[in-house]
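>>> Below are the sequence and a predicted model; questions follow.
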Amino acid sequence: MSTTQSLSEQRTPEARTGRTLPAGVAFTGSAITFISLYLAAGAPTPLLALYQKQWDFAAPTLTLAFAVYAGGFLAASLTVGSLSDHLGRRSVLLGALVVQLLAVSMFLTASHIGWVIAARGVQGIATGAATSAFTAALVELAPAHRKKLATIIGSVGVTGGLAAGALLAGLAIEYIPQPNSLVFMILGIITLLGAGIIAASPESGSRRSGTLGSLVPRVVVPPSARAEFMAAAPGVAAAWMLAGLSLGLAPTLVRSVFQLDSGLLNGITSFIGPATSAAAGLAFIRIGPRRGVIIGIIACLLGTAGILAGVLTGSIILMMAGQLIGGIGFGAAFTGALRIIIPLTGPQQRSASVAALYVVAYLAFSIPVVLVGLLAAPLGLVQVVTAYAAVTSVLGLISLFTQLAMLGKDRRAAAAVPASRSGATIMSD
């Protein structure tokens with residue numbers, strides 16, 4: 001036997017013993033497991049209102065329980081987000097799923113809000129550690145004719161999972177005597193099955209040196225993408241603030257402003273924004289990224305106005321319409337921003353640039369919601385939500401004017417292209 005043949009067999013023991021799942025089955029199972037992480041992330045949103053009713057804690061604690069997930073996610077994604085590039089996908093995913101099981105167990109046994117807050121933080125760590133590895137593994141495991149589908153699942157699965165998790169938890173609250181136990185028992189079973197699928201799937205990544213160095217957070221925007229990043233950042237912040245308003249504060253508004261005590265309504269109001277965002281992410285793929293960002297920001301502004309109008313007039317239908325429009329705006333604006341910035345970065349700079357965008361996103365998603373919880377009692381919930389909507393709108397307007405200026409610049413650049421190169425692709429088109 002030749003040395004080359006021997007090394008090949010050492011690298012692929014699963015292939016020789018038949019212990020791995022076929023690639024198509026591994027891809028499908030991995031996709032379901034990935035989405036289940038976000039199902040679990042969305043489920044606590046309507047449940048938080050139930051916890052508040054059971055344990056009678058203050059509004060700042062409620063918003064902290066929502067926002068701590070973002071802190072855990074961001075910390076994990078910045079430190080271990082690229083670990084699978086060095087250790088392989090499977091080991092990192094299995095580790096993240098073990099942490100996810102710990103979070104599910106904490107939710108199942110929680111007897112006070114402190115345990116729920118801790119569980120949300122652990123859940124954020126698990127999801128942040130797994131997301132990058134799952135996104136890469138899905139593309140690598142997908143059959144050749146499903147590579148585009150894998151990319152779509154990697155982006156749409158996030159908001160789609162959040163939406164489905166919130167809606168299913170809302171249904172459980174409305175119709176099941178012990179919704180917390182049922183929801184997290186099911187999620188625990190799904191996570192265990194997902195871990196089995198990952199363990200039996202082929203390793204799609206490869207090992208390389210630099211493991212310790214990869215744990216150092218890298219949040220750098222290269223000069224080639226800096227102008228676009230600065231133009232996109234206010235719009236990204238506005239879109240994620242709107243997501244925080246729609247997803248994190250909607251159950252509180254349903255109970256405190258509209259005086260409705262309904263788990264189903266909590267689930268529906270938490271479902272609308274992420275669901276329409278997932279649909280918009282798919283629909284806007286064929287639209288130029290610049291135009292997608294502009295349309296998305298306009299929709300975010302209209303959605304913010306709709307939500308605020310619903311709160312001020314006491315119309316939950318108007319608030320839900322604002323959430324629907326705002327979800328479309330989020331999907332279009334954030335997807336468009338990624339599509340603009342990523343092509344401007346080199347392979348070695350890409351993850352750090354995306355990390356920088358997510359830092360803006362998750363800070364905007366979490367900190368303002370916590371501030372609402374802190375200020376609602378002394379200033380009034382409606383007044384604080386009004387100020388929140390105003391800040392969101394100002395950021396959106398800043399980004400809208402900047403993006404319109406960049407669109408004009410794109411068009412001038414396109415007009416300057418010689419006729420012989422008129423077929424070249426221009427970003428804004």
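Nice, I can see it.
>>> Please count neighbours and contacts with C-alpha atoms only from this point.
OK.
>>> Okay, now the unreliable bits of the stretch 101-250 of the chain?
For the stretch 101-250 of the chain, the stretches with pLDDT under 70 are 205-206, 210, 214.
>>> now do the stretch 301-429 of the chain
Where the stretch 301-429 of the chain drops to pLDDT under 70, the residues are 347-349, 351, 417-429.
>>> where exactly do the helices run in it?
Assignment of helices within the stretch 301-429 of the chain using DSSP state H, counting those that start in this stretch yields the ranges 316-341, 350-379, 381-416.
>>> do the stretch 151-300 of the chain as well
Along the stretch 151-300 of the chain, the segments classed as helices by DSSP H, counting those that start in this stretch run 179-200, 211-214, 223-243, 250-256, 263-283, 289-313.
>>> Can you say which of those is nearest to Ala164?
Proximity of those to Ala164 was assessed by CA to CA; the nearest stretch is helix 263-283, lying at 6.7 Å.
>>> residue closest to the middle of this structure?
When CA atoms, centre = their mean is applied to the chain, the residue found nearest the centroid is Val158 (4.9 Å).
>>> For the residue lying closest to that residue once chain neighbours are set aside, the count of nearby residues, please.
On the basis of CA to CA, 6 or more residues apart in numbering, the spatially nearest residue to Val158 that is not a chain neighbour turns out to be Tyr38, at 5.9 Å. Other residues within reach of Tyr38, judged by other CA atoms under 10 Å, total 24.
>>> Report the secondary structure element holding Tyr38.
Element membership of Tyr38, judged by DSSP states H and E, is helix 23-42.
>>> per-residue confidence averaged over that helix?
Taken as a whole, helix 23-42 has a mean pLDDT of 91.
>>> one step back: let me know which of the helices of the stretch 301-429 of the chain is the nearest to Asp56.
helix 350-379 (14.5 Å).
>>> tilt between the closest one and helix 316-341?
Here helix 350-379 runs at 150 degrees with respect to helix 316-341, directions being taken by axes from the mean of the first three to the mean of the last three CA atoms, to 10 degrees.
>>> Can you name every helix or strand that helix 350-379 contacts?
helix 59-79, helix 223-243, helix 381-416 (3 or more CA pairs under 8 Å, 6 or more residues apart in numbering; DSSP states H and E).
>>> run the last query once more with 10 Å
Using 3 or more CA pairs under 10 Å, 6 or more residues apart in numbering; DSSP states H and E as the contact test, the elements touching helix 350-379 are helix 59-79, helix 223-243, helix 316-341, helix 381-416.
>>> What residues sit buried inside that helix?
Residues of helix 350-379 classed as buried by neighbour count (16 or more other CA atoms under 10 Å): 350-370, 372-376.
>>> for stretch 186-197, same thing?
Within stretch 186-197, the residues that qualify as buried are 187-188, 190-192, 194-195, 197, counting by 16+ other CA under 10 Å.
>>> Return the member of those nearest to Ala387.
Leu187 (36.7 Å).
>>> need the contact list for that closest one.
Taking CA atoms under 10 Å, 6 or more residues apart in numbering as the contact definition, Leu187 lies against 36-37, 39-40, 43, 100-101, 104-105, 165, 181, 193.
>>> Would you map out the domains in the protein?
By the record's domain assignment, the chain is partitioned as 20-203, 218-413 (automatic domain parsing).
>>> Contact partners for the residue lying closest to Gly310 once chain neighbours are set aside?
Distance criterion CA to CA, 6+ apart; nearest residue to Gly310, sequence neighbours excluded, is Met319 at 4.3 Å. Under the criterion of CA under 10 Å, 6+ apart, the contact list for Met319 reads 246, 250, 253-254, 269, 303-313.
>>> quick revisit: pick out the most distant pair among the buried residues of stretch 186-197.
Across these, the two members that end up farthest from each other (CA to CA) are Leu187 and Ile197, 15.1 Å apart.
>>> picking that back up, got the contact list for the residue nearest to the centre of the chain?
34-39, 41-42, 131, 274-275, 277-278.
>>> now swap in Val354 and tell me
218-221, 229, 338, 341-342, 345.
>>> number of nearby residues for Pro22?
Pro22 sits with 14 neighbouring residues when counted by other CA under 10 Å.
>>> wait, what's in contact with Ser262?
46, 49-50, 170-171, 173-174, 251, 254-255, 268.
>>> who wins for neighbours among those residues?
Each of these was scored by neighbours using other CA under 10 Å; the highest score is Pro46's, at 34 neighbours.
>>> gap between it and Leu253?
Taking CA to CA, to the nearest Å as the measure, Pro46 and Leu253 are separated by 12 Å.
>>> which neighbours do these two share?
Common neighbours of Pro46 and Leu253 are listed as 266, 269 (criterion: CA under 10 Å, 6+ apart).
>>> Could you dump the buried residues of stretch 186-197 into JSON lines with distance to Lys409 added?
Formatted as JSON lines, the buried residues of stretch 186-197 follow (distance: CA to CA, whole Å):
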{"residue": "Leu187", "distance to Lys409": "49"}
{"residue": "Gly188", "distance to Lys409": "51"}
{"residue": "Ile190", "distance to Lys409": "49"}
{"residue": "Thr191", "distance to Lys409": "48"}
{"residue": "Leu192", "distance to Lys409": "51"}
{"residue": "Gly194", "distance to Lys409": "47"}
{"residue": "Ala195", "distance to Lys409": "49"}
{"residue": "Ile197", "distance to Lys409": "49"}
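>>> from those, which is closest to Gly396?
For these, the nearest to Gly396 is Leu187 (36.3 Å; CA to CA).
>>> my read: Asp410 touches Arg291, true?
No: taking contacts as CA atoms under 10 Å, Asp410 lies outside contact range of Arg291: 11.2 Å.
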